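S.K.: quick check, what structure comes out for this input:
(chains A and B)
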Amino acid sequence: MTELSWTRKDLLGIADLSAAEIQLLLDTAESFREVSLRPIKKVPTLRGRTVVNLFFEPSTRTRSSFEIAEKRLSADSLNFSSATSGLVKGESLVDTALNLQAMSPDLIVIRHGHPGVPHMLAKRVAAGVINAGDGAHEHPTQALLDAFTIRQHKGGFEGLKVSIVGDIEHSRVVRSNVLLLHKLGAEVTVAGPRTMMPVGVEALGARAVYSLREALEGADVVMMLRVQLERQSQAAFPSAREYFELFGLTQARLKAAKRDVILMHPGPMNRGIEIASDVADGRYSVILEQVANGVAVRMAVLYLLSGVHREAE
Amino acid sequence: MSPEVHLKRTILESKQISRIIRRMAVEILEREGSGKDLMLVGIRTRGVPLAEALAAEILKIEEVEVPVGVLDITLYRDDLSTIAPQPVVKETHFPTTLSDRCLVLCDDVLYTGRTIRAAMDAVIDFGRPRVIRLAVLIDRGHRELPIHADIVGKTLQTQANEVVDVHFTETDGESKVLLLEKSGG
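M.R.: Here you go, the predicted model:
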């Protein structure tokens, strides 16, 4: 048995991690899953530690998932959201960081609309920094919880055919997922309209196709992405109805995938745009398992990082 | 610099360990009756093979199948802030509910008592056993908490610079108990 230990102060992206580190995170999450099934869903592990949740973008799912994970580990958590923070009063990000540092938190969970903000913060504070999404760059805990869910159903990643469908260009989930799955040996295909496909996506380690049918053919895992209506200044497709016609997942279309395919979605779903309602609630769907697993994965991240950061300074 | 560890002597061989475990199983039954509401809980790592061996002996003696649980105490340790990096967390598993059970915690070595303190805190988060007892293969002294074992395989006088190293067939390929000595460092 290899007992690798975690040595990073921060979790900024999947790009930095080795396959062994990813496996350690997933194995640790496996142990934490059980805590959420207990009658008393709390362990004293992070008692007396302070975690700041700094969300500069709206988020319900990720923020509450982190919050629950923090509470189940007995950490004290503090929430800042963009509406209430000093940033709207003209404070610079660096000043916000220094002010936070002065309150000596142990960990900072940050979501920001601009890529690289968590990295900048990590350099300036002694606390461990967890990237909860930075622009269209990375969203490492989402990729980890997706991988965790895939591993539960498929046992491993080697040779697994994973197809990610939708708005590839604007999605940080895609980037982190492709990087992670590629490192663990899966064959990743990304599919979407040409207007939503970034140039050079193959460099991340994925095959790009432009038809849903091609993406679904023989897939073990299908991950549908949300059409991010709010992130597009100009519409990349004529109408939601036309998008559904071409890239919406229906029962009939899903038949092209393997018989034991699992269907994933990072949420929140647009029923009837990227996914038909009966598919989302159907037998192949593991969408709600992803949400439950998110808590376990975030507990694992908080636990592993909290053992390191005091050594950092 | 990690201190050198060398073998001082072998305390127990495989046969002696089997004999001791048989006696411990009898003692558990004598104390707690027919074994009907018993549950053995092994503390990871080497409390688990001990709990399983005790359950096997109880099955032979009394023909009662005693459920065996597995407890990982990492999340309840009192030294998480002083050790880095974090130890690997493994799963905890109880085969049945704990309420009204006579729960016997099993561990290979009883030393400071801190592991047992953590184990009791963990158990209580899962339910309310009728009683909690403690069975250990080796009691080596040097307690730092007011904790004692109810069933002891062997009591050993040790020095603080010594290490009691228990091996089980299941985890280490062979059953034996060694006394090691730390020097240098």
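S.K.: please make it C-alpha for all contacts and neighbour counts, starting now.
M.R.: Will do.
S.K.: how about the residues of the stretch 1-150 of chain A by chain B?
M.R.: A:3, A:5-7, A:28, A:30-32, A:34, A:38-40, A:43-45 (CA under 8 Å from any CA of the partner chain).
S.K.: which of these fall within helices?
M.R.: Using DSSP state H to define helices, the subset of the residues of the stretch 1-150 of chain A next to chain B located there is A:28, A:30-32.
S.K.: are any of those buried, and which?
M.R.: A:28, A:30-32 (16 or more other CA atoms under 10 Å in any protein chain shown).
S.K.: quick revisit: which residue in the ones in helices among the residues of the stretch 1-150 of chain A next to chain B has the weakest pLDDT?
M.R.: Within these, residue A:31 has the lowest pLDDT, namely 90.
S.K.: report the contact partners of that one.
M.R.: Residue A:31 sits next to B:89-92 when contact means CA atoms under 8 Å, 6 or more residues apart in numbering or on different chains.
S.K.: ok, whichever residue of the stretch 201-313 of chain A sits closest to chain B - contacts?
M.R.: Using CA to the nearest CA, the closest approach of the stretch 201-313 of chain A to chain B is made by residue A:307 at 5.0 Å. For residue A:307, the contact set (CA under 8 Å, 6+ apart) comprises B:80-81, B:83-86.
S.K.: quick one: residues contacting the closest residue to chain B within the stretch 51-200 of chain A.
M.R.: In the stretch 51-200 of chain A, no residue comes nearer to chain B than residue A:73, which is 8.5 Å away by CA to the nearest CA. Shown in contact with residue A:73 (CA under 8 Å, 6+ apart): A:42-47, A:299.
S.K.: now residue A:184
M.R.: Residues in contact with residue A:184, defined by CA under 8 Å, 6+ apart, are A:19, A:157-158.
S.K.: now restrict the residues you listed to buried residues only.
M.R.: Buried by 16+ other CA under 10 Å: A:19, A:157, out of the contacts of residue A:184.
S.K.: between the contacts of residue A:73, which has the most around it?
M.R.: Most neighbours among the contacts of residue A:73, by other CA atoms under 10 Å in any protein chain shown: residue A:299, with 27 neighbours.
S.K.: enumerate the residues of chain B near chain A.
M.R.: B:75-77, B:80-81, B:83-92, B:122, B:125-127.
S.K.: what about those residues, which are in strands?
M.R.: Among the residues of chain B next to chain A, none falls in strands (DSSP state E).
S.K.: looking at the buried ones among the ones in helices among the residues of the stretch 1-150 of chain A next to chain B, which one is closest to residue A:15?
M.R.: If you rank those by distance to residue A:15 using CA to CA, residue A:28 comes first, at 19.7 Å.
S.K.: I'd assumed residue B:87 was in contact with that closest one.
M.R.: No. In this structure, residue A:28 is not within contact of residue B:87 by CA atoms under 8 Å, at 9.9 Å.
S.K.: the contacts of residue A:184 into a markdown table, with extra columns for secondary structure and pLDDT?
M.R.: As requested, the contacts of residue A:184 are exported to a markdown table (DSSP: H, G, I helix; E, B strand; the rest coil; pLDDT from 0 to 100):
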| residue | secondary structure | pLDDT |
| --- | --- | --- |
| A:19 | helix | 96 |
| A:157 | coil | 97 |
| A:158 | coil | 96 |
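S.K.: which among the contacts of residue A:31 end up buried?
M.R.: B:89-92.
S.K.: mind putting these in a markdown table, pLDDT and distance to residue A:202 included?
M.R.: What follows is the buried ones among the contacts of residue A:31, written out as a markdown table (pLDDT from 0 to 100; distance: CA to CA, whole Å):
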| residue | pLDDT | distance to residue A:202 |
| --- | --- | --- |
| B:89 | 88 | 36 |
| B:90 | 88 | 37 |
| B:91 | 87 | 38 |
| B:92 | 90 | 42 |
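S.K.: helix/strand/coil for residue B:61?
M.R.: helix (DSSP: H, G, I helix; E, B strand; the rest coil).
S.K.: how many neighbouring residues does the nearest residue to it once chain neighbours are set aside have?
M.R.: Spatially, and ignoring its direct neighbours in sequence, residue B:61 is nearest to residue B:26 (7.9 Å; CA to CA, 6 or more residues apart in numbering or on different chains). Residue B:26 has 17 neighbouring residues, counting by other CA under 10 Å.
S.K.: skipping adjacent residues, who's closest to residue B:146 in space?
M.R.: Distances taken as CA to CA, 6+ apart put residue B:113 closest to residue B:146, at 7.7 Å, once the chain neighbours are dropped.
S.K.: what stretches of the stretch 51-200 of chain A score poorly on pLDDT?
M.R.: Applying pLDDT under 70 to the stretch 51-200 of chain A picks out residues A:83-89.
S.K.: oops, could you answer that again for chain B instead?
M.R.: Counting by pLDDT under 70, the ranges of chain B that qualify are B:1-3, B:84, B:184-185.
S.K.: longest single helix anywhere in it?
M.R.: Criterion DSSP H: the longest helix present in chain B is helix B:14-32.
S.K.: gap between that one and the chain center?
M.R.: Helix B:14-32 sits 14 Å away from the centroid of its parent chain (CA atoms, centre = their mean, to the nearest Å).
S.K.: returning to that earlier point: now, which of the contacts of residue A:73 sits nearest residue B:165?
M.R.: Closest to residue B:165, out of all of the contacts of residue A:73 and judged by CA to CA, is residue A:45, at 27.3 Å.
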